[in-house]
Structures are given as structure tokens and as C-alpha cells.
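>>> here are the coordinates; sequence isn't available:
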């Protein structure tokens, strides 16, 4: 079966059966399209250890630019390719094993944390007893004491609150409820 047709079926599988967001599906499409275009692969059998290695070198060197692609970003391409290969294997399509693709080593993520003094200044910024100041102070307290994402904080409404249990619920990335 033609690789582009299999890729399209894979993207539909991600959307429908795996429930991935449209943005995730679009990203996987982009990563796989670049791989297929670079390797000129037409059939699953065209995906070989050599073609993957050549693609990885190309990603690392990016012709026409002075910069190399960050290892983290290179890994997005490899993760998409591995997931695609696992899907093909699940459908009994003869392909190279996904486990043969190792991700690039990346350093631990560095966090740029706010200092204690900065936090105190930020929490003290909303002054006054008017509704807007009280709302802003409550939002900042909730944000820093719970670890909510900004989008989760903004999407909170009264239906999310359970005042009897002193709890609230948020629906985060991947439609996960916390």
C-alpha cells in the first residue's frame, strides 16, 4: 500500500481513535511529510535504518541555515515516525521496528523560577478592596498555589467549583480532568 495513503489513515486514527487534538494531528502530518519528502519513500519498505539515519543527519545540519535544530525538536520528528511505525506494525504492515529509533539525548529542562521576593511583589500588586482587585488577587493566589496552566485558570467557571467539598475541577491538555 502507498505510504501517503497509510499516513493519511494514521492521521485519521490519531484523531478519531486516539482522540488527539487537531493541532497534534497537524504536527504529526508536518513531521511525517518532511520525512517522506526527504527520503522520497513511496512504500513502507522504503523506510530503512539508512533512510532514518540520513534524515536525522539532515535535521541536525539543516542545509541552508547556520543553526542546527534543537535536539528536543528533532525528537518530535522521531516520536511521530515511531508512532507511525507502531501503527503500521499493528496493522500487520512489514516495516522497520519502531524500537530501533532512539531519541536524541537532551539535557534536563531548566526552569526559570520566580524568586520569593518577586512572588510577594506580584501577589501584592492588586491593591484595594474593589471587586477587580479582589478577583485579581484570588486568581494569582489560585494560580501559584495550585500549579494550574493559564488556560485552565481562564476557563474556570462556577460549574467547576464544588464549595461543599472545597474542590474545583479543570479540564486540561488532552481533555484530562484534574
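Looks like it arrived, so ask away. Treat the numbers as computed from the prediction; the structure is a model and nothing was measured.
>>> CA atoms for contacts and neighbours, from now on please.
OK.
>>> residues contacting the residue nearest the centre of the chain?
With the centre of the chain defined as its mean C-alpha position, the nearest residue by C-alpha atoms, centre = their mean is residue 24, 6.9 Å away. Residues near residue 24 by C-alpha atoms under 8 Å, 6 or more residues apart in numbering: none.
>>> quick one: secondary structure of it?
Counting by DSSP: H, G, I helix; E, B strand; the rest coil, the backbone at residue 24 sits in helix.
>>> can you pull out the helices in the chain?
Here the chain has its helices, by DSSP state H, at 3-16, 22-39, 49-61, 71-90, 116-124, 131-146, 150-154.
>>> name the residues of the first one that are buried.
Across helix 3-16, burial judged by 16 or more other C-alpha atoms under 10 Å covers 3-4, 6-7, 10-11, 14-15.
>>> related to what we said a few turns ago, identify whichever of the helices of the chain lies nearest to residue 106.
The minimum distance between residue 106 and those falls on helix 71-90, with 6.2 Å, by C-alpha to C-alpha.
>>> which strands and helices sit next to the closest one?
Under the contact criterion of 3 or more C-alpha pairs under 8 Å, 6 or more residues apart in numbering; DSSP states H and E, helix 71-90 touches helix 3-16, helix 22-39, helix 49-61.
>>> please redo it, this time with the cut-off set to 7 Å
Packed against helix 71-90, as judged by 3 or more C-alpha pairs under 7 Å, 6 or more residues apart in numbering; DSSP states H and E, are the following elements: helix 22-39.
>>> pick the most buried one from the helices of the chain.
Highest mean neighbour count of the helices of the chain: helix 71-90, a mean of 18 (counted as mean count of other C-alpha atoms under 10 Å).
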